[in-house]
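Novice: model this:
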Amino acid sequence: MPLESVEEVPCKSLINRVYGNNLPFRWTINPYRGCQHACVYCFARGTHEFLGYDGGRQFDTRIIVKINAPEVLREELKRPNWRREIIALGTACDPYEPAERRYEVTRRIVEALRDAANPVSITTKSVLVKRDIDILQELAQIAKVRVNFSVGSLDDRVWQKTEPGTPRPIRRLEAMQALVEAGIPAGVLMAPIIPVLSDSKESMETVVKAAAEHKAQFLGANVLHLKPGSKEWFMPFLREAHPHLLPEYHRLYRGAYAPRQYTEQVMAKIDELRDRWGLHDRGALLQGPQKGQLALALA
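Specialist: Next up is the predicted model:
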């Protein structure tokens, strides 16, 4: 996705506290805002509106870089009250999105986490994470590390229409395998599972089977949700690409989330497939250096 602009902005703080009983982590870091991956369903699109930009094309093409993020993080990690809890890196925009090739902000963040022996969970659709295998290996020797590769479907048609700026899903699995073989815990986050487009048992088993064959150490899944800011972008895409699905989506997404019964049915299939292919739930507990056990899965 061609860029309109990259804005370099300083940040005053970086580690963000999140609240919610259902979240398996309390702290997040997002070095970028906006993302060239241009995923039509991205739940972070609404955050761009806080900057005065739209959550559609401008989210894909106007990227905000927190240029001093690594230096701010080093100071925050030194605070006496910081207990080296797990930090989720990339909960909104991908920390390894294309701008990272130029700025290397995420690489320097991982270096800061390594120097502080601080555990981290990284979620990405990018293969650029392979560049940082050296640092991740060093961090994994002194703290808990997990890398979650987001792969919702292996169908090229679904990928090209819904994630046009991302590497092919099979390349993500190959990158995951490279990390695992380098001793870095990594697995698959099958997300989002998109109703009708990628929720058949055959489609999901294709992903689970490929994850197992590429040495995934865990696999989790989430069903598509359409919060304000993302729904306004996703539904026009659906109207253009799959107009026959509109009635079904109006039924399923009267709010931000699909009905509980539907979601439970999908997750039951995932549980069955995970057992069939010998994969662990990515919600396996992570033992932090000073903070007891925290579930690693990214909501």
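
Novice: Would you mind measuring from the residue most central in space within the chain to residue 25?
Specialist: In the chain, the C-alpha closest to the average C-alpha coordinate belongs to residue 123, at a distance of 3.8 Å (CA atoms, centre = their mean). Noted for residue 123: a distance of 11 Å to residue 25, by CB to CB, to the nearest Å. (Glycine included, C-beta is placed from N, CA and C.)

Novice: same deal with residue 203?
Specialist: Relative to residue 25, residue 203 is positioned 29 Å away (criterion: CB to CB).

Novice: and if you look at residue 129?
Specialist: Residue 129 is 19 Å from residue 25, where distance means CB to CB.

Novice: So if I had to pick from the two, which one is more boxed in?
Specialist: With neighbours defined as other CB atoms under 10 Å, residue 129 and residue 25 compare such that residue 129 has more, 28 against 20.

Novice: so what's the more buried one up against?
Specialist: Residue 129 sits next to 96, 122, 136, 147, 175, 179 when contact means CB atoms under 8 Å, 6 or more residues apart in numbering.

Novice: mind redoing it with 10 Å?
Specialist: Under the criterion of CB atoms under 10 Å, 6 or more residues apart in numbering, the neighbours of residue 129 are 90, 94-96, 100, 106-107, 110, 122, 136, 147, 149, 172, 175-176, 178-179, 184, 186.

Novice: is it fair to say it lies in a strand?
Specialist: No. Judged by DSSP: H, G, I helix; E, B strand; the rest coil, residue 129 forms no part of a strand; its state is helix.

Novice: Pull out the buried positions in the helix or strand where residue 189 lies.
Specialist: If you go by DSSP states H and E, residue 189 is part of strand 186-193. Along strand 186-193, the positions that meet the burial threshold by neighbour count (16 or more other CB atoms under 10 Å) are 186, 187, 188, 189, 190, 191, 192, 193.

Novice: where's the dip in pLDDT among the residues you listed?
Specialist: Within the buried residues of strand 186-193, pLDDT reaches its minimum at residue 191, with 93.

Novice: next one: the strand or helix carrying residue 28 to chain centre, how far?
Specialist: With elements taken from DSSP H and E, the one containing residue 28 is strand 27-29. What separates the centre of strand 27-29 from the centre of its chain is 13 Å, taken as CA atoms, centre = their mean, to the nearest Å.

Novice: Partner strands of it and their direction?
Specialist: Based on DSSP bridges, the strands next to strand 27-29 in the sheet, each with its direction, are strand 16-17 (antiparallel), strand 87-89 (parallel).

Novice: can the ones you listed go into JSON lines with extra columns for mean pLDDT?
Specialist: Formatted as JSON lines, those follow (pLDDT from 0 to 100):
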{"stretch": "strand 16-17", "mean pLDDT": "92"}
{"stretch": "strand 87-89", "mean pLDDT": "96"}
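
Novice: for the ones you listed, which one ends up most surrounded?
Specialist: For these, ranked by mean neighbour count under the definition mean count of other CB atoms under 10 Å, the leader is strand 87-89 at a mean of 24.

Novice: right, and residue 272 touches residue 279 too?
Specialist: No. Taking CB atoms under 10 Å as the definition, residue 272 is not a contact partner of residue 279, at 11.4 Å.

Novice: Residues that sit against both of the two, list them.
Specialist: With CB under 10 Å, 6+ apart applied, the overlap between the contact sets of residue 272 and residue 279 consists of residue 208.

Novice: Looking at the two, which one has more neighbours?
Specialist: Ranked by neighbour count (other CB under 10 Å), residue 272 and residue 279 place residue 279 first, with 21 against 14.
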